[in-house]
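A.B. asks: Return atomic coordinates for the entry below.
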Amino acid sequence: MGVPKAPDPVLLLVAVFSRYPAAIDWARQKVVEEWGPLALESPPFPFSHTDYYTPTMGPDLKKVFFAPADLIDPGRLPAIKIQTNSWETEYAELRLFPEPRPLNIDPGYLTLGKLVLASTKDFTHRIYLGLGIYGEVTLFYRHHRWQHHEWTFADYRQPEYHEFFNRCRDYLHERLREVTSPCGGSSS
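C.D. replies: Below you'll find the predicted structure:
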């Protein structure tokens with residue numbers, strides 16, 4: 001019989017997209033205020049794989065990933081998704097731009113073996129995590145590379161994303177060594 005144990009800490013990843021650099025900067029500030037300094041930040045990637053968001057967010061969207069330095073308990077993901085949804089609402093209510101949704105913030109986490117995204121939408125490949133939030137294993141790491149599932153969003157299949165996720169994975173691997181070494185500290 002298996003014995004339940006606490007999970008290893010994970011690297012929080014926050015995907016932010018908008019057509020407005022000021023909106024992305026605002027989200028970066030919120031992430032840092034809430035979860036501490038960033039260990040890694042991706043370059044802005046063009047977000048052009050779907051027109052789904054165009055009616056509410058406009059064209060020419062850019063996506064940036066933020067990875068705070070402190071590791072987290074993966075059980076926190078539902079509360080984090082609730083928090084980022086409230087930030088989206090807060091920013092939209094500022095009415096700085098004509099679009100009804102000028103900013104999208106999607107949290108998830110990375111382990112050495114997978115990338116998990118949070119969603120408010122249930123589907124056949126998602127599991128309920130609590131607080132009205134579902135989790136999806138979007139990518140998995142096997143044979144020294146990130147691989148996708150049939151349901152993985154098109155943008156998450158891009159080699160440029162995978163290169164950034166490799167940097168995140170390397171950072172996580174180093175942090176986990178620190179946390180589990182006899183002289184290492186504890187994670188948050």
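
A.B. asks: can you give me the helices in this protein?
C.D. replies: Ranges of helices in the chain, per DSSP state H, are 21-35, 54-57, 77-93, 159-180.

A.B. asks: buried set for the lengthiest strand in the chain?
C.D. replies: Longest strand in the chain by number of residues (criterion: DSSP state E): strand 133-142. For strand 133-142, burial by neighbour count (16 or more other Cβ atoms under 10 Å) applies to I133, Y134, G135, E136, V137, T138, L139, Y141. Where C-beta positions appear, they are placed from N, C-alpha and C, glycine not excepted.

A.B. asks: Can you lay out those as TSV showing pLDDT and distance to P159?
C.D. replies: Putting the buried residues of strand 133-142 into TSV (pLDDT from 0 to 100; distance: Cβ to Cβ, whole Å) gives the following:
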residue	pLDDT	distance to P159
I133	98	29
Y134	98	27
G135	98	25
E136	98	21
V137	98	19
T138	98	15
L139	98	12
Y141	98	14
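
A.B. asks: any chance of the residues you listed in a markdown table, plus distance to E33?
C.D. replies: As requested, the buried residues of strand 133-142 are arranged in a markdown table below (distance: Cβ to Cβ, whole Å):
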| residue | distance to E33 |
| --- | --- |
| I133 | 22 |
| Y134 | 26 |
| G135 | 25 |
| E136 | 27 |
| V137 | 29 |
| T138 | 26 |
| L139 | 28 |
| Y141 | 30 |
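
A.B. asks: hang on, the earlier thing: kindly state which of the helices of the chain is positioned closest to P107.
C.D. replies: helix 77-93 (4.8 Å; Cβ to Cβ).

A.B. asks: tell me the angle that closest one makes with helix 21-35.
C.D. replies: 140 degrees (axes from the mean of the first three to the mean of the last three Cα atoms, to 10 degrees).
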